[in-house]
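Q: Okay, here's the prediction I keep looking at, along with the sequence it came from:
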Amino acid sequence: MSHTPPEGTDESTPLVNFDPPVEETPGAAGETEAALTDQEQKIEINVAPQPTWFMRTVFPGLEAVGWMVGTLIAIFTGSIAAAIVVSVVWIVAHPNSEFSPTIIEQQVMLPALVGSQVFLIGFAALGVFVRFGTKFPRTLGLRGLSLGHLLVVLGLTLPVQFLAHAWSSLASGLLESVGITISSQEYMEQMQQVLGAGPLVVMWLLMAVCPAVGEELVFRGIIGNTLVRNWGAWWGVLATSVLFGVIHLIPIQAIAVIPLGMAMHYVYLMTKSFWAPVLLHLANNSLALLMMEATGELTAAEAESLEEPLSGGILAASLLTAACLFGILWQTRRLSGSASAVEVDDAAHIDTVTGGEGKLTSNPATPMTYLAAAVSLAGVGVLTYLMIME
């Protein structure tokens, strides 16, 4: 059957229009323009403004100082509060005893130390949650250490402590040359008095474990994250370490812990694990505690000899061992991680995502890595021998 189109129509024109009809409604064009305008406004609102120079440079420094001052206030508040409570309890329990400041001082020393550490950890934990919220595990890098990194961090304990001692002696000599005398004798006497306030295990918990956790939460966690992210690794680590020294207040101790703080931050950057600086801090404090416990049994002349500069052999062995261990950490550093203070373009390195945690990758070890490990092992052995002999 043939089809004849109606007169006045073209054969190529379809008889049925399959496109849905477009209904022209009054104001439709205006509503479309308004919707686009609203969408553009939302896009503009979602674009975060670039931080100003003040917010990138000055404010992070002020914030870091604020956290340091807050930490000092927390420590002193806990110490004073505990001392007041114990003093009142003692006076009430001994109404007929003659009041003696010496007796009170002996009674409150241990509780005051407990109070200071409880307030330190409480302030640090609260600060981390306020600063980072529920993302603090990823921000801090609360992940385990590999066995290799754990051994390297432990191996750094002796050389870093010896180098800190050398730095302290050098700084003290420079200050004495301009008429400022700083001696560690008074500090050692104070620490010996504190050590006698309780059993060694209790003092280890209060003077090694608690400071390692609480101070690292504040300085490597809160302050270090902020300054490294805004000022870069070099200036951020230096400023954090200086503030870490300042909080120790006693001049000779403040000077000595600055290089310790830098070493702790370095292992944090390389391992991207918060437990790396905690472990180094704990090992350093534990070793210092044991050495102070040992000096209590030394003669006055032997105790004074500890203040003398390091011998050339110990200094050379410390430098070589530390350099090898730092090199191993650099060679095997983690290339991805979640601690915001140490990651650089972290998203580009994440291979898989499981539970919000990126897969960690590390640089592979090389023959030079194993050679450095062998030299480091020998160096630690030599340092241990020299420390015992001298």
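A: Noted; the coordinates are in hand.

Q: quick one: contacts for the spatially most central residue of the chain?
A: The centroid of the chain falls nearest to residue 220 when counting by Cα atoms, centre = their mean (1.4 Å). Neighbouring residues of residue 220 by Cβ atoms under 8 Å, 6 or more residues apart in numbering: 240, 264-265, 268, 274, 277, 341. To be clear about C-beta, it is placed using only N, CA and C from the backbone, and glycine gets the same treatment.

Q: On the pLDDT front, check residue 89 for me.
A: Note for residue 89: predicted pLDDT of 81.

Q: for residue 335, same thing?
A: pLDDT for residue 335: 74.

Q: just checking, it touches residue 271?
A: No. Using Cβ atoms under 8 Å, residue 335 is not in contact with residue 271; the gap is 11.7 Å.

Q: Neighbour count for these two, which is higher?
A: Legend: neighbour count by other Cβ atoms under 10 Å for residue 335 and residue 271, higher for residue 271 (31 against 15).

Q: so what's the nearest residue to the more buried one once chain neighbours are set aside up against?
A: Leaving aside its sequence neighbours, residue 271 sits nearest to residue 149 (Cβ to Cβ, 6 or more residues apart in numbering; 4.9 Å). Residues near residue 149 by Cβ under 8 Å, 6+ apart: 267, 270-271, 273, 276, 329, 332.

Q: If you average pLDDT per helix and strand, which one of the protein comes out bottom?
A: Least confident element among the helices and strands of the chain, by mean pLDDT, DSSP states H and E: strand 353-354 (a mean of 32).

Q: circling back: where neighbours are concerned, which of the contacts of residue 149 has the most?
A: residue 271 (31 neighbours).

Q: so that residue makes contact with residue 145?
A: Yes. With contact defined as Cβ under 8 Å, residue 271 reaches residue 145; the gap is 6.1 Å.

Q: so what sits against both of the two?
A: Common contacts of residue 271 and residue 145 (Cβ under 8 Å, 6+ apart): residue 153.

Q: still on that earlier bit, what does the pLDDT read for the residue nearest to the centre of the chain?
A: 94.

Q: now swap in residue 302 and tell me
A: 51.

Q: returning to what we had before: who wins for most neighbours among the contacts of residue 220?
A: Ranking the contacts of residue 220 using other Cβ under 10 Å puts residue 264 first, with 30 neighbours.

Q: ok, back up a step: inside helices: which ones of the contacts of residue 220?
A: Among the contacts of residue 220, DSSP state H puts 240, 264-265, 268, 277 in helices.

Q: from these, which is closest to residue 321?
A: If you rank the ones in helices among the contacts of residue 220 by distance to residue 321 using Cβ to Cβ, residue 264 comes first, at 16.9 Å.

Q: and the residue lying closest to that closest one once chain neighbours are set aside, what does it touch?
A: Leaving aside its chain neighbours, residue 264 sits nearest to residue 277 (3.9 Å; criterion: Cβ to Cβ, 6+ apart). By Cβ under 8 Å, 6+ apart, the contact set of residue 277 is 216, 220, 264-265, 267-268.

Q: Looks like residue 191 contacts residue 291 (just checking).
A: No. Residue 191 is beyond contact range of residue 291, at 10.2 Å (criterion: Cβ under 8 Å).

Q: Looking only at neighbour counts, state which of the two leads.
A: Set side by side, residue 191 and residue 291 show more neighbours around residue 191, with 21 against 12, by other Cβ under 10 Å.

Q: Buried by neighbour count: which residues of the strand or helix carrying residue 373 qualify?
A: Per DSSP states H and E: residue 373 is located in helix 367-389. For helix 367-389, a neighbour-count test (16 or more other Cβ atoms under 10 Å) marks 369, 372-373, 375-376, 379-380, 382-383, 386 as buried.

Q: Now do the helices in the stretch 101-250 of the chain.
A: Here the stretch 101-250 of the chain has its helices, by DSSP state H, counting those that start in this stretch, at 101-132, 136-140, 147-155, 157-177, 185-195, 200-204, 210-216, 224-231, 233-246.

Q: Tell me which of the ones you listed lies nearest to residue 257.
A: That would be helix 233-246 among the helices of the stretch 101-250 of the chain, by Cβ to Cβ, at 5.0 Å.

Q: What are the buried residues along that closest one?
A: In helix 233-246, residues buried by neighbour count (16+ other Cβ under 10 Å) are 233, 236-241, 243-245.

Q: what's the helix ranked longest in the chain packed up against?
A: The longest helix of the chain (DSSP H) is helix 59-93. When contacts are defined as 3 or more Cβ pairs under 8 Å, 6 or more residues apart in numbering; DSSP states H and E, helix 59-93 packs onto helix 101-132, helix 224-231, helix 233-246.
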